[in-house]
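Asks: My questions are about this predicted structure, shown below with the sequence.
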Amino acid sequence: MIDNDNIIDIPSLQWYPGHMRKAERLVRENLKLVDVVVELLDARIPLSSANPVLREIICGKPRLVVLNKADLADTAATHMWVKYFMQQGIKAVPVDAVKGRGVKELVQEIAKLAKPKTDKLVQHGAKSRAARCMILGIPNVGKSSLINRLSGGARTKVENRPGVTRSKQWIRIGTSIELLDMPGILWPKFEDQQAALHLAFTGAINDRVYDVGRVVLLLLKAIRTRYPSSLYERYHLTGELPQDTILLEEIGKKRGCLRTGGEIDYEKAEQIILTDFRSGRLGRITLDFLPESPSDTSDESFRNTL
């Protein structure tokens, strides 16, 4: 976990706009309409992007986990997360929604999970129908892009900004699946500020609600600790990597983030680093890691130490 020195006076990261409260209510009201719940997680932060409120709501429904943006995550770490979910009795499918990797397996798994319900309906005299599923996830995890890939076209408005998909909509996926898309939902209060930081890193929390400078310093610290080669390669750094503001300044110099007089343009450098991380230009990076000991299963143990 983050020690007191690493908090760097981070403001309490809380973001729960009114439309998310409405979305949570929609999920509760429409859950009875579906056979399967697809929980969409960010493969870089599988634990931090898992909404505990949604898990409470969907209790009892067959659930499938999708590790989206797997193309941006550490491949070995993603493999470990798939194994972890399997041990919990939950199928997890790594997906790259943009390029379509993993989508075919996802469709097959949805149909497989829904089959007991659809078969039972037919046995009771109902007409055979498509499997119905609900796709849930936090903002900016790639739901719209995944649905567009599944449906074969731009059926939902896509924008890389938290909260852009605002109301429920049914989308037909071929002849076998009917998918109910819901708006992205965060939980009302982040008890774990490290999870909140990870959400800020990936863009799930709107950049306007926190001090970007402080958050970027912590992102650099995390990457420097786990993936130093990413910083060397992307920013052509040499020698021992400096820390904190000095590292930010070095990157700013390398990327030409200079004001008149040669002063560092910190805001420009910060935005470059955030964009490079979120787009994958810094390489495959995972921030949530499994515990080293199989017996260590508390939520705290799953957090990567910054």
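Replies: Structure received. Numbers count the residues shown, from 1 in each chain.
Asks: Mind telling me which residue is nearest the centre of this protein?
Replies: Using Cα atoms, centre = their mean, the residue of the chain that lies closest to the mean C-alpha position is Asp42, 2.4 Å off.
Asks: hey, what's that residue bridged with?
Replies: Asn68 (DSSP bridges).
Asks: The nearest residue to Ser279 once chain neighbours are set aside: neighbouring residues, count only.
Replies: Counting by Cβ to Cβ, 6 or more residues apart in numbering, Leu72 is the residue found nearest to Ser279 once chain neighbours are left out, at 8.0 Å. Quick note: C-beta positions are derived from backbone N, CA and C, even for glycine. As a burial measure, the neighbour count of Leu72 was computed by other Cβ atoms under 10 Å and equals 24.
Asks: you'd agree Leu72 is up against Thr78?
Replies: No - the pair Leu72 and Thr78 fails to qualify as a contact (Cβ atoms under 8 Å) at a distance of 9.9 Å.
Asks: And the strands in the stretch 51-200 of the chain, which stretches?
Replies: 63-68, 92-95, 131-137, 169-173, 177-181 (DSSP state E, counting those that start in this stretch).
Asks: could you say what helices and strands the last one packs with?
Replies: Counting contacts by 3 or more Cβ pairs under 8 Å, 6 or more residues apart in numbering; DSSP states H and E, strand 177-181 packs against helix 103-123, strand 131-137, helix 143-151, strand 169-173.
Asks: Could you do the first one as well?
Replies: The criterion is 3+ Cβ pairs under 8 Å, 6+ apart, and the helices and strands that strand 63-68 contacts are strand 36-42, helix 75-87, strand 92-95, helix 103-123.
Asks: and for it, what are the contacting residues?
Replies: Contacts of strand 63-68 from elsewhere in the structure, counted by Cβ atoms under 8 Å, 6 or more residues apart in numbering, are 36-43, 46, 73, 78, 81-82, 85, 90-97, 102, 106, 109-110, 113, 133, 137, 141-142, 146.
Asks: Determine the angle, from 0 to 180 degrees, between that strand and helix 75-87.
Replies: Compare the direction of strand 63-68 with that of helix 75-87 by axes from the mean of the first three to the mean of the last three Cα atoms, to 10 degrees and you get 180 degrees.
Asks: still on that earlier bit, so which of the helices and strands packed on strand 63-68 is the most packed in?
Replies: Looking across the helices and strands packed on strand 63-68 with neighbours counted as mean count of other Cβ atoms under 10 Å, the highest average goes to strand 36-42: a mean of 25.
Asks: now that one and helix 103-123, what's the angle there?
Replies: Relative orientation of strand 36-42 versus helix 103-123 (the same axes, to 10 degrees): 160 degrees.
Asks: pull the CA atoms of strand 36-42 into PDB?
Replies: The C-alpha coordinates for strand 36-42 follow below in PDB (Å, rounded to 0.1, in the frame of the first residue of the first chain):
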ATOM      1  CA  VAL A  36     -25.800 -13.400 -17.800                       C
ATOM      2  CA  VAL A  37     -23.900 -10.400 -16.500                       C
ATOM      3  CA  VAL A  38     -20.700  -9.500 -18.300                       C
ATOM      4  CA  GLU A  39     -18.400  -7.500 -16.000                       C
ATOM      5  CA  LEU A  40     -15.900  -5.500 -18.000                       C
ATOM      6  CA  LEU A  41     -12.600  -4.800 -16.200                       C
ATOM      7  CA  ASP A  42      -9.500  -2.900 -17.300                       C
END
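Asks: rewinding a little: reformat the helices and strands packed on strand 177-181 as JSON lines; add distance to Ala222 and mean pLDDT.
Replies: What follows is the helices and strands packed on strand 177-181, written out as JSON lines (distance: least, Cβ to Cβ, whole Å; pLDDT from 0 to 100):
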{"stretch": "helix 103-123", "distance to Ala222": "29", "mean pLDDT": "90"}
{"stretch": "strand 131-137", "distance to Ala222": "22", "mean pLDDT": "88"}
{"stretch": "helix 143-151", "distance to Ala222": "25", "mean pLDDT": "87"}
{"stretch": "strand 169-173", "distance to Ala222": "36", "mean pLDDT": "81"}
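Asks: so which of these comes closest to Glu250?
Replies: Within the helices and strands packed on strand 177-181, the stretch nearest Glu250 is helix 143-151; the backing value is 33.9 Å (Cβ to Cβ).
Asks: would you list the helices and strands packed on strand 177-181 in JSON lines and tack on distance to Gly252?
Replies: What follows is the helices and strands packed on strand 177-181, written out as JSON lines (distance: least, Cβ to Cβ, whole Å):
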{"stretch": "helix 103-123", "distance to Gly252": "39"}
{"stretch": "strand 131-137", "distance to Gly252": "34"}
{"stretch": "helix 143-151", "distance to Gly252": "31"}
{"stretch": "strand 169-173", "distance to Gly252": "43"}
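Asks: so which of those gets nearest Leu26?
Replies: Distances from Leu26 to each of those were compared by Cβ to Cβ, and the smallest falls on strand 131-137, at 9.9 Å.
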